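[1] Let's see this in three dimensions:
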Amino acid sequence: MVVARCMSLILTFACDACQRVTLHVPSQLDAEKFVGRVNLKECFTSANLIHSSDPDFQILEDGSVYTTNAILLSSEKRNFTILLSNTENQEEKKMLVLLEHQTKIQSDTAQNYTIYYSIRGPGVDREPKNLFYVERDTGNLYCTRPVDREEYESFELIAFATTPDGYTPELPLPLVIRIEDENDNYPIFTEKIYTFTVCATDRDEPDTMHTRLKYSIIEQLPASPTLFSMHPVTGVITTSSSQLDRELVDKYQLKIKVQDMDGQYFGLQTTSTCVIHIEDVNDNLPTFTRTSYVTLVEENTIDVEILRVTVEDKDLVNTANWRANYTILKGNENGNFKIVTDPKTNEGILCVVKPLNFEEKQQVDLQIGVVNEAPYSKEATSRSAMSTATVTVNVKNQDEGPECSPAVQTVQIKENAPVKTKSNGYKAFDPETQSSSGIRYKKLSDPKGWVSVDENSGSITIFRSLDREAEAVNNGLYNITILASDKEGRSCTGTLGIILEDVNDNGPFIPRTTVVICKAIASSAEIVAVDPDEPIHGPPFEFSLETVSDSDVQRMWRLTKINDTAARLFYQNDLLFGSYRVPVRVTDRLGESLVTPLNVVLCDCVTENDCVLPVAPRMGTGGVALGKWAILAILLGIALLFCILFTLICGVSGAAKQPKVFPDDLAQQNLIVSNTEAPGDDKVCTMNGFTSHAVGGSAQGVCGTLGSGVKNRGQETIEMVKGGHQTLDSCRGAGQQPPLDSCRGGHVEVDGCKYSYSEWHNFTQTQLGEKVQLCNQDDSHQHARDYVLPYSYEGRGSVAGSVGCCSEQQEEDGLEFLDHLEPKFRTLADACLKR
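    Residues are numbered from 1 along each chain as shown. Modelled structure (predicted):
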C-alpha cells in the first residue's frame, strides 16, 4: 500500500531507457521507503553491479528504489544517477533518475486561451469517489488519501481542457495512474503444519522484490544432530545426513521462516512449523525367540495344529516390514506339513496336512525359516537375511484298520474272455501285520455288472461278456470300486482297473450315412470309415459296392479309394435328381467287414445346405426334389390366384348395389339410414287421395311421383319430395325421380287440389309416428335398443338439398349440384358415390 500525502507513483520513460526516468513522489519521504521502480534490464541486461550516486537512495536487483534516510524535497525536483556495470567485461552504463513531487496536467492551448482543467473516471466521480482532484486553473493533480494496490492496481481517468465559455480546444486526454506496490503484506504460509515441502504466498505485486520469498530453518527438534536443510527458493526440505533411524526417533519438528525482499533484513517475515515423520524401512530382520522346538502328533491325523513359533522384529508393527513369512526349509519332502502366519499375533502355525505313518517313520525333523513380507533393505547374504530354527515332530502309534495301498490296482483280461473266467482282484493289507489275512472284500460299484468279487480273497470272476468298445470303458480301462474291511469294521476303499485287451470283433463302418452330391458342381462325394477296434485291427480299409438282387447299383455307382480310411463315390450314366440307397461294404486289414447302407442324394444345388432331402431313398431312379426357390414360386402363384378370385367376388358384389342419394328430409333434415333386406310384397296404400305403390323401388301416385316406399324389417316409410308449386306434368315419371331443384318450392299440386306444406307435414308426422311405434317390436311389444335413435338438428342445409347414400334414386341424373357443395359435405358425398 502506498501511503502518500500527495500522489502515487507514475513512471515516465524517455525513448532511451538509459537517459532519464522520472519518478513522482511526495515532498517528504521516510527512511527505507519505497520510491519507485526502474527497468534496469532495458538499460543493461548483463549488469551484475548496481550502485547509486546518491547515498540517500538504494537500488535493488529488480530496479526497486528505496530511501536509506528520511528526505524532504525543498524544491520541486531532485535527481541522482544509477550506475550499472559488468565486472567481467568492464562495461558500464548510467541511468538518470528525476524526482518530482507534483503531477500537473498542461494544455498547449493555454498560451492562447484561458483554460479550465477537469477530470472524470474511477476515483473521481466513480467508486472510489473523490480520491483524485485537479486544480481548475493550474492543472495540478492531487491524491486525497492512501490507495491499496491489492484493491486497485490502476485508474484510467479522462482529463478535459475547456475555456470559460465552454469551448474545448483539445480532445479529452486519457490519463492512466498506476499504483506502485509497497511491501505492506507479510508472506503467508498456505498450511499450518507441513510435511517435507513448504509453500507460502504474498499478496504484493508479483515478480517484484516484495514477493521474492526466501525460506530458512530456524530450529530443529530434537536439535542434535542437524539432519535437514531447506532450499531458500523452492522451500523443499532435504536430508543432510543418513543417520535417520525410525527405531530411535520417529518424528522431527522444524520451525521454518519465510521472508520477502529476498530475505533482506528489512523484509517482512512469517514463521510456521513443519513436522517430518520418519517412514519405516525393513532394516531389521525377524528372529526366532528359540532355536529349536519339539512337538508330538498321532499318525493318520490331518488338518491339526501341532506347534506355534514366535519371532521378534523391531520394525513398525502391522506393516509389511514387520509381518513374517514362514517356510519349511528341510524335512517336508513328502508334503506332510505346512506353516502359516497368524495375522493377529505374527506367530508361525505348524500344521499336518497329510497323515503320517508310524510304521514308516516314528520321528520327523524339520528346519523352518522366517523373513518379512517386504524385502530386506540392506545388503545381506542369503544366510544372514533369514533366521532359522529346528522342529522335531514325534509320531504317535495308532491302532488302524486295513490300508488300501496303492489306491488303484490293475488286472489285464481279453475282451472276448468267456464267462466265469477268474482273475486276480484288489488286495488290501493290515499295516500292523503287513498281511491281507482277515480282510473281507465287497464290490461298491460296477457300471456294467460284468464281474463278481470273492469276499475272502478279493479275486474277480467274469459274470457277463466284456466289450472293450462299451461306453463305460475309457481308453480300454474299466474301473470298479472295492471296499476292504477288517473284523472291527474299519475299512478302506480302492479302485480296481480292468485293462481289456482288444480283439478284432468290430467291422469298420461309415458314420455319415447321408451323402449329398450337388450335380451342378460335383460328380462324386467322399466317404470316410472308422473302426472301433485298436489300430492293429483297423485300417487300411477296402471299400466295395454291395450287390443287391434286382438292383442296378454297379451300373449307377462306382468307388475309388482315396487313402486307408476314405474313398470317393461317383454316380454314372447321368442319373436323375433324387435320393438313392447305396450299400457299401468296408473291410479292415484282418478281413472283418460291415455293410453300411448310404442314402445318396443327387440334388440341383450349389451347397449341401441348399438341397432339400427327399423323404424316402430308393434303389432305382430318384424322384424330382423341389428346391426352396421352386416351392416359393408355387406359393406365390397360389397367393396370386386367391387375390384375383377375391377381386372378382368384390367386383360382382359392388355391381349389384345401386347408388343412393338422400332425398330432402321434411323433418328438420334428419338422416335415417334404412337398408333393404329383401323385396317386400306389392302393396297399394291410399291416404286422402295419395296412392303409394311400394315394391322396394319407387312409388307412382295419381298425381305423379311423390316418393318411394321402402319396406325394412316390417317398417313401411313413405317419402315425399318437397315440391315448389309444381304441376303434375313437371314431376311425372315412372321409376324415375325428378331433379331436386325442379321440385323445390312451397306447394304440391295433386288432382287440381293444393296441399300446403303444413298440412302435409301434420299428416305425415301422425302417420309416421304410428308406424314407428309398431316397428321392430317383439311379442311383448318391446322395442330393440338400437332401432329408434334420436338425431339432433344439423342446422341450415345447403342449396343442393339432402345428399346421402341411402336414397332410392336409380340414376345419377340431377346431381350437378354435387360439383358445388360446401366443403363440409364433399367428403360425405364422395363416400356415398363410392358405395
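
[2] just how off-centre is the longest helix along the chain within its chain?
    Ranked by residue count and defined by DSSP state H, the top helix of the chain is helix 628-655. Here the centre of helix 628-655 is set off from its chain's centre by 50 Å, with C-alpha atoms, centre = their mean, to the nearest Å.

[3] That helix - contacts with which helices or strands?
    Using 3 or more C-beta pairs under 8 Å, 6 or more residues apart in numbering; DSSP states H and E, no helix or strand is in contact with helix 628-655. C-beta here means a position set from N, CA and C on the backbone, and glycine is covered the same way.

[4] Return the set of buried residues in that helix.
    Within helix 628-655, no residue qualifies as buried by neighbour count (16 or more other C-beta atoms under 10 Å).

[5] what is the rounded mean pLDDT of it?
    Helix 628-655 comes out with an average pLDDT of 79.

[6] now do stretch 65-73
    Stretch 65-73 comes out with an average pLDDT of 85.

[7] which other residues reach it?
    Residues from elsewhere that reach stretch 65-73 (C-beta atoms under 8 Å, 6 or more residues apart in numbering): 23, 25, 27-38, 55-60, 78, 97, 99, 101.

[8] Would you mind listing which of those are buried?
    Counted by 16+ other C-beta under 10 Å, these give 23, 25, 29, 33-38, 56-60, 78, 97, 99, 101 as buried.

[9] Helices - which of these land there?
    Going by DSSP H, the helices hold none of those.

[10] lowest-pLDDT helix or strand in this structure?
    strand 11-13 (a mean of 34; mean pLDDT, DSSP states H and E).

[11] tell me which element Leu483 falls in.
    In this structure, Leu483 sits in strand 477-485 according to DSSP states H and E.

[12] which other helices and strands contact the helix or strand just after that strand?
    Once the chain leaves strand 477-485, the next helix or strand it forms, by DSSP H and E, is strand 491-501. Strand 491-501 sits against strand 408-414, strand 477-485, with contacts defined as 3+ C-beta pairs under 8 Å, 6+ apart.

[13] Most tightly packed of those?
    Mean neighbour count (mean count of other C-beta atoms under 10 Å) peaks for strand 477-485 among the helices and strands packed on strand 491-501, with a mean of 19.

[14] And stretch 256-276, end to end?
    12 Å (C-alpha to C-alpha, to the nearest Å).

[15] same question, stretch 214-230
    End-to-end distance (C-alpha to C-alpha), stretch 214-230: 10 Å.

[16] Would you mark the buried spots in that stretch?
    Neighbour counts over stretch 214-230 (16+ other C-beta under 10 Å) mark Lys214, Tyr215, Ser216, Ile217, Gln220, Leu227, Phe228, Met230 as buried.

[17] One more: stretch 62-77?
    For stretch 62-77, by 16+ other C-beta under 10 Å, it's Asp62, Gly63, Ser64, Val65, Tyr66, Thr67, Ile71, Leu73.

[18] pull the CA atoms of that stretch into PDB?
    In PDB, the C-alpha atoms belonging to stretch 62-77 read as follows (Å, rounded to 0.1, in the frame of the first residue of the first chain):
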ATOM      1  CA  ASP A  62      14.600  -5.700  -9.700                       C
ATOM      2  CA  GLY A  63      15.000  -1.900 -10.100                       C
ATOM      3  CA  SER A  64      13.200  -1.000  -6.900                       C
ATOM      4  CA  VAL A  65      14.300   2.300  -5.500                       C
ATOM      5  CA  TYR A  66      14.300   2.700  -1.700                       C
ATOM      6  CA  THR A  67      15.300   5.600   0.600                       C
ATOM      7  CA  THR A  68      18.100   4.900   3.100                       C
ATOM      8  CA  ASN A  69      17.300   8.100   5.100                       C
ATOM      9  CA  ALA A  70      14.400  10.500   5.500                       C
ATOM     10  CA  ILE A  71      14.200  13.000   2.700                       C
ATOM     11  CA  LEU A  72      12.500  16.400   2.400                       C
ATOM     12  CA  LEU A  73      12.300  17.800  -1.100                       C
ATOM     13  CA  SER A  74      12.900  21.600  -0.700                       C
ATOM     14  CA  SER A  75      12.500  22.200  -4.400                       C
ATOM     15  CA  GLU A  76      10.200  20.600  -6.900                       C
ATOM     16  CA  LYS A  77      12.900  18.500  -8.500                       C
END
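
[19] That stretch: how far from the chain's middle?
    Taking mean C-alpha positions (C-alpha atoms, centre = their mean), stretch 62-77 and its chain are 71 Å apart.

[20] repeat for stretch 343-359
    On C-alpha atoms, centre = their mean, the centre of stretch 343-359 falls 49 Å from the chain's centre.

[21] residues contacting Thr287?
    With C-beta under 8 Å, 6+ apart, Thr287 has these contacts: Val311, Glu312, Asp313, Val370, Ser387.

[22] Quick one: which of these is the most crowded by neighbours?
    Most neighbours among the contacts of Thr287, by other C-beta atoms under 10 Å: Val370, with 24 neighbours.

[23] hang on, Gln539 is in a strand, isn't it?
    No, residue 539 isn't Gln; it's Pro. No. Pro539: not assigned to a strand; according to DSSP: H, G, I helix; E, B strand; the rest coil it is coil.

[24] Just the CA trace of stretch 368-380, in PDB.
    Taking Å, rounded to 0.1, in the frame of the first residue of the first chain, the C-alpha atoms of stretch 368-380 are listed here in PDB:
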ATOM      1  CA  ILE A 368      11.900 -73.700   9.400                       C
ATOM      2  CA  GLY A 369      12.900 -70.100   8.400                       C
ATOM      3  CA  VAL A 370      11.300 -66.700   8.600                       C
ATOM      4  CA  VAL A 371      11.500 -63.500   6.500                       C
ATOM      5  CA  ASN A 372       9.400 -60.300   6.200                       C
ATOM      6  CA  GLU A 373       6.800 -59.600   3.600                       C
ATOM      7  CA  ALA A 374       8.800 -56.600   2.400                       C
ATOM      8  CA  PRO A 375      12.300 -57.300   1.100                       C
ATOM      9  CA  TYR A 376      15.300 -56.600   3.300                       C
ATOM     10  CA  SER A 377      16.600 -53.100   2.600                       C
ATOM     11  CA  LYS A 378      20.300 -53.700   3.400                       C
ATOM     12  CA  GLU A 379      22.700 -55.800   1.500                       C
ATOM     13  CA  ALA A 380      22.900 -59.200   3.100                       C
END
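
[25] Contacts made by it with the rest, please.
    By C-beta under 8 Å, 6+ apart, stretch 368-380 touches 281-283, 285-288, 309, 311, 313, 315, 319-329, 339, 348, 350, 385-391.

[26] Check stretch 416-430 too.
    Contacts to stretch 416-430, defined as C-beta under 8 Å, 6+ apart, come from residues 401-405, 409, 411, 413, 435-439, 441, 453-454, 457-466, 482, 484, 486, 492, 494-496, 503, 505.

[27] can you map out the helices along the protein?
    According to DSSP H, the helices that the chain contains are 40-43, 553-556, 628-655, 728-731, 757-774, 823-834.

[28] So which elements touch the first one?
    If contacts are counted by 3+ C-beta pairs under 8 Å, 6+ apart, helix 40-43 sits against strand 77-86, strand 91-100.

[29] And the contacts of stretch 416-430, which of them are buried?
    Buried by 16+ other C-beta under 10 Å: 401-404, 409, 413, 436, 439, 441, 453, 458-460, 462, 466, 482, 484, 486, 492, 494-496, out of the contacts of stretch 416-430.
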